[in-house]
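Novice: sequence plus the predicted model coming up.
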Amino acid sequence: MDPKILITALWFISFFSINGWAASFSCEQTTNTLERTICADSNLSLTDEKMAKYYNKLKESLEANQSNSLLKEQRAWLKQRLKKCSSDDAQCLQNLYRERINQLRNRYEKLVPFNIGGLGTVQGLRSSCDFHELELPKDLNIYSAGAYAGRSLDIQIDDSGHQATQFDVIVNSPEKPVVLLLGAYEPSIWNIGWTKGTEILAVAASGYHQQAVAGLPKDTPLLISTHVNKGPCDEYLYVSESSLAQVNPMSQKIFGKPVDMVYFANAGKVVLGKPITSLELLITSQDVTPDNFIDNNKPLAGSAGIQDALAKGLLRPSTREDAEAWANQKSKLLPKDTLPPVSGGDNRHILLGPFGHNVYVIQKKFTIPAGLYGGHSVTFYLPKGVPYPEGDLGHSVLYDFNTMTCSGAICNIR
């Protein structure tokens with residue numbers, strides 16, 4: 001056989017056996033020059049497949065009349081390809097296809113501009129610590145990010161008694177698909193946005209308290225494994241310098257590979273991948289938003305919860321009279337001569353309760369807001385006949401006129 005004929009024959013066998021499956025149409029049957037260009041370029045062929053995937057997803061989600069309109073639109077788009085690119089220009093076609101993919105994704109995934117701001121559902125329930133249903137590509141980025149906590153919110157997303165925090169996460173990896181491994185100690189919402197062309201294949205979130213993921217399309221695979229929900233990973237992770245040794249083992253368990261890069265969040269914000277500019281267009285999905293995780297049956301957290309209780313008349317600010325009432329009642333219960341006499345004859349000031357700033361009197365049935373720790377701690381008086389409040393005191397203190405006892409972190413003889 002003529003060597004040239006043999007080489008040509010081998011090329012056709014190789015071409016159709018390797019590329020015949022890759023595109024959204026049959027490479028074996030096409031005689032179209034543009035389609036042959038797609039079949040001959042593996043990256044372009046995969047991009048064509050991806051475009052077809054998003055087209056079909058969107059079409060299936062629409063009502064009949066909208067679906068027919070989309071079909072007409074897609075046919076028109078296919079016809080105009082040669083007006084923008086020559087039939088053998090693979091790079092031009094690649095860019096054209098990516099633009100079309102973004103258009104289809106925007107509509108199917110309900111993508112909107114992502115604006116970073118200063119438990120409605122259960123997510124990520126899995127029986128195993130992996131994404132066994134996914135065939136992850138070899139060429140992808142695995143990014144890990146987190147901190148002890150994000151920026152404080154005025155809400156609760158679990159029953160821990162801790163106020164929730166939020167991380168605003170930007171992912172910028174238009175060249176390679178991405179999976180994320182996120183971790184925080186406090187109950188946190190991970191609000192995710194990304195740059196045009198970035199594709200997030202899966203997200204795993206871990207922590208001691210409940211974690212939640214917002215901003216992703218509804219069919220993005222999630223794995224949430226925390227200490228409190230006894231998740232499938234048997235351990236929890238919050239990403240910090242002190243826990244770096246835990247990151248790769250967790251990534252190996254979940255994704256089968258170590259991470260490519262770890263990023264530490266600052267004030268609840270973090271950029272994963274390439275740096276971004278202020279002019280970069282960021283997008284996110286409205287399928288699941290941070291508001292989905294607000295439990296409206298729970299009071300607001302921290303100082304916002306205190307102010308809300310004041311506005312509703314559940315609390316009132318304390319006065320000196322409240323402090324003196326505590327001293328009077330307490331002095332009557334002490335054995336005689338417990339307190340030594342003082343100059344002036346009145347030793348009850350030793351028993352005087354606190355009053356003024358961050359001291360409140362409970363007036364009705366009340367649930368203590370989450371997050372009353374450190375500088376957010378307060379003091380409560382509970383008058384006789386008022387029900388004992390529900391919730392966690394945190395670092396706060398409660399003086400109970402019903403039992404004349406003090407509960408909390410810094411109680412003393414009062």
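Specialist: Thanks, I have it. Here the structure is a predicted model, which means the values were calculated and not measured.
Novice: break down the protein into its helices, ranges please.
Specialist: 3-19, 33-40, 42-61, 64-79, 81-84, 90-108, 244-255, 302-311, 320-333 (DSSP state H).
Novice: quick one: closest of those helices to H376.
Specialist: helix 302-311 (5.1 Å; C-beta to C-beta). Bear in mind the C-beta positions are built from the backbone N, C-alpha and C, glycine included.
Novice: can you put the helices of the chain in a markdown table and add distance to L382, mean neighbour count and mean pLDDT?
Specialist: Formatted as a markdown table, the helices of the chain follow (distance: least, C-beta to C-beta, whole Å; neighbours: other C-beta atoms under 10 Å; pLDDT from 0 to 100):
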| stretch | distance to L382 | mean neighbour count | mean pLDDT |
| --- | --- | --- | --- |
| helix 3-19 | 76 | 11 | 37 |
| helix 33-40 | 74 | 18 | 86 |
| helix 42-61 | 54 | 17 | 90 |
| helix 64-79 | 59 | 12 | 91 |
| helix 81-84 | 73 | 12 | 87 |
| helix 90-108 | 54 | 18 | 89 |
| helix 244-255 | 43 | 17 | 95 |
| helix 302-311 | 14 | 18 | 89 |
| helix 320-333 | 11 | 15 | 86 |
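Novice: tell me the contacts of R105?
Specialist: Y54, L111 (C-beta atoms under 8 Å, 6 or more residues apart in numbering).
Novice: do the same with the one 5 residues further on
Specialist: The contact partners of K110, by C-beta under 8 Å, 6+ apart, come to P217, S285, Q286, D287.
Novice: on that earlier part again, out of the helices of the chain, nearest to T198?
Specialist: By C-beta to C-beta (comparing all of those), the closest turns out to be helix 90-108, at 10.1 Å.
Novice: what's the angle between the closest one and helix 33-40?
Specialist: 90 degrees (axes from the mean of the first three to the mean of the last three C-alpha atoms, to 10 degrees).
Novice: next one: helix 90-108 to chain centre, how far?
Specialist: Centre-to-centre, helix 90-108 and its host chain are 27 Å apart (C-alpha atoms, centre = their mean, to the nearest Å).
Novice: same deal with stretch 85-93?
Specialist: 39 Å.
Novice: who's in contact with that stretch?
Specialist: Contacts for stretch 85-93 (C-beta under 8 Å, 6+ apart): T33, L34, T37, I38, A40, D41, L44, R81, K84, L96.
Novice: in TSV: the residues you listed, plus distance to S318.
Specialist: Converted to TSV, the contacts of stretch 85-93 look like this (distance: C-beta to C-beta, whole Å):
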residue	distance to S318
T33	84
L34	79
T37	79
I38	75
A40	80
D41	75
L44	72
R81	74
K84	72
L96	69
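Novice: what's the most distant pair in those?
Specialist: So, the contacts of stretch 85-93 by C-beta to C-beta: farthest apart are A40 and K84, at 19.4 Å.
Novice: so who does the residue lying closest to D234 once chain neighbours are set aside touch?
Specialist: Excluding the flanking residues, the one nearest D234 by C-beta to C-beta, 6 or more residues apart in numbering is C129, at 7.1 Å. For C129, the contacting residues are L223, S225, G231, P232, C233, D234, K253, I254, by C-beta under 8 Å, 6+ apart.
Novice: give the bridge partners for the closest residue to G124 other than its chain neighbours, please.
Specialist: Using C-beta to C-beta, 6+ apart and skipping residues adjacent in sequence, the residue nearest G124 is I224, 3.2 Å away. With DSSP bridges as the criterion, I224 is bridged to A205.
Novice: in contact with I224, which residues?
Specialist: So I224 contacts Q123, G124, L125, A204, A205, S206, Q211, A212, V213, G231 (C-beta under 8 Å, 6+ apart).
Novice: return the member of those nearest to D154.
Specialist: Of the contacts of I224, the one sitting nearest to D154 (C-beta to C-beta) turns out to be A212, at 15.8 Å.
Novice: and the pLDDT at K230?
Specialist: In this prediction, K230 carries a pLDDT score of 77.
Novice: re the thing from before, filter the contacts of C129 to the buried ones?
Specialist: L223, S225, G231, P232, C233, K253, I254 (16 or more other C-beta atoms under 10 Å).
Novice: would you turn those into CSV with distance to D295?
Specialist: Shown next, in CSV, are the buried ones among the contacts of C129 (distance: C-beta to C-beta, whole Å):
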residue, distance to D295
L223, 22
S225, 21
G231, 20
P232, 24
C233, 25
K253, 31
I254, 28
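Novice: which among the residues you listed gets closest to L181?
Specialist: So of the buried ones among the contacts of C129, ranked by how close each gets to L181 (C-beta to C-beta), first place is I254, at 6.7 Å.
Novice: what number of residues lie near the closest residue to the closest one other than its chain neighbours?
Specialist: Beyond its immediate neighbours in the sequence, the residue positioned closest to I254 (C-beta to C-beta, 6+ apart) is A204, lying 5.0 Å away. The local packing of A204 (other C-beta atoms under 10 Å) involves 31 other residues.
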